[in-house]
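Participant: give the three-dimensional model of this entry:
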Amino acid sequence: MIVVVGLPVYADGPDGEECAGGLAVEVAAAAGRRGGTVELVGKVGNDGAGDAVVVALGRLGIGHAALLRDMSRPTPVLTATQREESADTAAEEPESMLLPEDPAARPALEAADVELALRYLPQASVIVLADPSAESTVEAGIQGAAFSAARLIVLVPTGGASPSVPPETTVLEAPQDDDGSFGRLVGTFAGALDAGLDPAAAFSEAVTTSGWEAVTD
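Facilitator: Coordinates of the predicted model:
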C-alpha cells in the first residue's frame with residue numbers, strides 16, 4: 001500500500017466536472033495508475049467543496065479513510081483568473097490561484113493527525129510526504145515509516161531547506177511551475193517501489209513514463 005500525506009484541493013475539471021486537485025492528489029492518482037493501492041492522508045473543510053473532493057477521490061480509486069474534516073476552515077479551491085487585456089499587453093493564459101490566499105486560513109495537517117493516520121495504516125510499504133509544512137510533521141512521517149518498515153519519500157519546494165531525514169529517505173524538489181509531470185513522476189516512483197523494484201530501477205521507470213529526461217553532468 002502507498003500512503004500519500006498531503007492536502008487536496010477542490011478544482012473544476014476542463015469539462016466542468018467537479019474534481020480533486022493538488023500535488024498530493026496528482027501523486028496518489030499516478031501511483032494508482034501504476035497499479036498500487038493508495039490511501040490519502042489529508043484534510044478538507046466541512047463544506048460542499050470537501051464533499052466534492054471525497055467523491056472525486058472515490059472516482060479516482062484513491063482511498064480516503066484517513067481524510068479528516070476541518071470544522072473551522074474551508075476546503076481550498078483552485079481557480080483560474082484571467083488578467084485584463086490592455087492596449088499595451090496581449091491576453092495571457094489564465095493563472096491558477098488557490099483560495100483562500102492566506103495558508104493560515106486553509107486546513108492544515110498537524111503532526112498528531114499524521115501520526116494517528118499512519119498508525120491506522122500500518123500495512124503501508126511506501127509513504128509520500130507531499131507537502132510537509134512543519135518539522136514535527138516530517139518527524140511523524142519518519143516515525144510512521146519506521147513503524148511500518150516503509151520506504152519514505154519527502155517532497156520539498158525548489159530552493160527549500162531539506163529536512164533532517166534518515167539516509168535511506170528519498171528527498172525530491174517540487175518545481176514551482178509544473179504541468180503535472182512531477183506528480184506523475186513521484187507517483188510512478190512510489191508505485192514501482194511498492195511493486196518491489198529497487199530504488200534505481202523504480203526511479204528510472206518513473207523518469208521514462210512521466211515525460212522527464214535524465215540529465216547527467
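
Participant: for the host helix or strand of Ala49, buried residues please.
Facilitator: Using DSSP states H and E, Ala49 sits within helix 48-60. Buried residues in helix 48-60, counted by 16 or more other CB atoms under 10 Å: 49-54, 56-57, 60. For the C-beta atoms, the positions are set from N, CA and C on the backbone; glycine is no exception.

Participant: columns pLDDT and distance to Gly187 on top of the residues you listed, output as CSV?
Facilitator: What follows is those, written out as CSV (pLDDT from 0 to 100; distance: CB to CB, whole Å):
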residue, pLDDT, distance to Gly187
Ala49, 96, 23
Gly50, 96, 23
Asp51, 96, 24
Ala52, 95, 22
Val53, 96, 18
Val54, 96, 20
Ala56, 95, 16
Leu57, 96, 14
Leu60, 93, 11
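
Participant: and the residue nearest in space to the middle of the chain, what does it touch?
Facilitator: The centroid of the chain falls nearest to Ala24 when counting by CA atoms, centre = their mean (1.3 Å). Residues near Ala24 by CB atoms under 8 Å, 6 or more residues apart in numbering: 4-8, 40, 42, 128, 130-131.

Participant: and the contacts of stretch 106-122?
Facilitator: 1, 3, 5-7, 39, 41-45, 65-66, 68, 70, 73-76, 98, 100, 124, 127, 133-134, 136-137, 139-141, 143-145, 147-148.

Participant: and the worst-scoring helix or strand of the chain on mean pLDDT, what does it pack onto?
Facilitator: When each helix and strand of the chain is scored by mean pLDDT, DSSP states H and E, strand 77-81 comes last, with a mean of 81. When contacts are defined as 3 or more CB pairs under 8 Å, 6 or more residues apart in numbering; DSSP states H and E, strand 77-81 sits against strand 9-12, strand 95-99.

Participant: partners of the last one, with directions?
Facilitator: So that's strand 95-99. Applying DSSP bridges, strand 95-99 is found paired with strand 77-81 (antiparallel).

Participant: before we move on, the earlier item: so which helix or strand takes in the residue nearest to the centre of the chain?
Facilitator: Applying DSSP H and E, one finds Ala24 within helix 23-33.

Participant: again with Ala124
Facilitator: Assigned by DSSP H and E, Ala124 belongs to no helix or strand.

Participant: ok, it - contacts?
Facilitator: Ala124 touches 1-3, 39, 118, 144-145, 148, 150, counting by CB under 8 Å, 6+ apart.

Participant: again with Leu23
Facilitator: 6, 130-131, 155, 174, 178, 182-183.

Participant: one more: Thr188?
Facilitator: Counting by CB under 8 Å, 6+ apart, Thr188 has contacts 30-31, 33-34, 205-206, 209-210.

Participant: check Pro132 too.
Facilitator: 5, 138, 141, 154-156, 163.

Participant: quick one: which two of the contacts of Ala124 are the most distant?
Facilitator: Using CB to CB, the contacts of Ala124 reach their maximum pairwise distance at Glu39 and Ala145, which is 14.2 Å.

Participant: how many other residues sit next to Gly22?
Facilitator: 23 (other CB atoms under 10 Å).
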